[in-house]
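Visitor: model the following, please.
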Amino acid sequence: MIVIVDYKMGNLGSVSNIIKKIGHISVVSSDIEVISKATKIILPGVGSFEKAMNNLKELGLIDVLNEKVIQQKTPTLGICLGMQLLTNSSEEGNVKGLGWINAKTVKFQLTDFPELKIPHMGWNDVNFPQKHFLCESYHENPRFYFVHSYYVVCEEEKNILMTTNHGVEFTSAIVKENIIGVQFHPEKSHTFGMNIFKNFIEKC
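Guide: Got it, this is the predicted structure:
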């Protein structure tokens with residue numbers, strides 16, 4: 001069962017619809033019992049890091065997510081804010097992240113690039129520093145849709161799955177064992193994004 005975690009801060013319908021479009025069924029839920037039965041977990045998100053972590057705590061979801069992701073090694077995909085929550089901390093707030101990947105979330109500082117805007121919004125290319133099943137099946141250079149003012153800085157290079165340039169070369173996807181995060185919105189990225197979901201669901 002594919003569970004899209006509802007912590008009141010995500011594009012849940014868009015993610016569910018694109019999963020249906022590629023031939024799979026998902027469940028949107030904040031119910032601990034439902035999440036505990038997940039075979040795949042998707043953690044989408046739009047908005048504030050601090051608000052998101054507080055919502056997860058208030059809904060009582062952190063323990064079940066730790067059990068599923070860290071102990072049971074359930075394949076997990078974090079999207080946009082959901083990727084940032086996988087890190088230890090963020091400059092957007094004073095709360096700890098889930099800490100599943102040794103990384104931090106920082107704000108873009110683009111004073112040397114006045115022509116570039118924050119948030120980073122729109123289509124952009126990605127690079128693949130390492131081979132991974134998530135990056136397979138592309139017959140042309142993939143482009144994804146981004147909307148974000150913060151980005152992830154990994155402490156370990158092995159966790160960097162994709163990179164993108166917006167004034168600085170930043171990490172646009174991360175990986176550690178069963179855990180994957182993407183900074184872009186695959187649910188808004190047409191066929192390129194559909195391929196992300198397909199690879200995650202069918203190959204992870």
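Visitor: the protein: strands as residue ranges?
Guide: 2-5, 26-29, 40-43, 76-79, 89-90, 103-107, 120-125, 143-148, 150-154, 160-166, 168-176, 179-182 (DSSP state E).
Visitor: closest to Lys131 out of these?
Guide: strand 160-166 (9.8 Å; CB to CB). All C-beta spots, glycine's among them, are computed from the backbone N, C-alpha and C.
Visitor: and that closest one, what's buried?
Guide: 160-164, 166 (16 or more other CB atoms under 10 Å).
Visitor: make TSV from the strands of the chain and add distance to Asn195 and mean pLDDT to it.
Guide: TSV is the format used below for those (distance: least, CB to CB, whole Å; pLDDT from 0 to 100):
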stretch	distance to Asn195	mean pLDDT
strand 2-5	16	98
strand 26-29	17	97
strand 40-43	15	98
strand 76-79	13	98
strand 89-90	28	97
strand 103-107	24	97
strand 120-125	15	96
strand 143-148	10	96
strand 150-154	22	97
strand 160-166	13	96
strand 168-176	13	96
strand 179-182	12	98
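Visitor: redo the ones you listed as JSON lines? Include distance to Gly97.
Guide: Output for the strands of the chain, formatted as JSON lines (distance: least, CB to CB, whole Å):
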{"stretch": "strand 2-5", "distance to Gly97": "15"}
{"stretch": "strand 26-29", "distance to Gly97": "22"}
{"stretch": "strand 40-43", "distance to Gly97": "12"}
{"stretch": "strand 76-79", "distance to Gly97": "10"}
{"stretch": "strand 89-90", "distance to Gly97": "6"}
{"stretch": "strand 103-107", "distance to Gly97": "7"}
{"stretch": "strand 120-125", "distance to Gly97": "20"}
{"stretch": "strand 143-148", "distance to Gly97": "15"}
{"stretch": "strand 150-154", "distance to Gly97": "10"}
{"stretch": "strand 160-166", "distance to Gly97": "17"}
{"stretch": "strand 168-176", "distance to Gly97": "12"}
{"stretch": "strand 179-182", "distance to Gly97": "11"}
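Visitor: which of these is buried the deepest?
Guide: Of all the strands of the chain, strand 76-79 carries the top mean neighbour count, a mean of 28, counting by mean count of other CB atoms under 10 Å.
Visitor: elements contacting that strand?
Guide: Strand 76-79 sits against strand 40-43, strand 179-182, with contacts defined as 3 or more CB pairs under 8 Å, 6 or more residues apart in numbering; DSSP states H and E.
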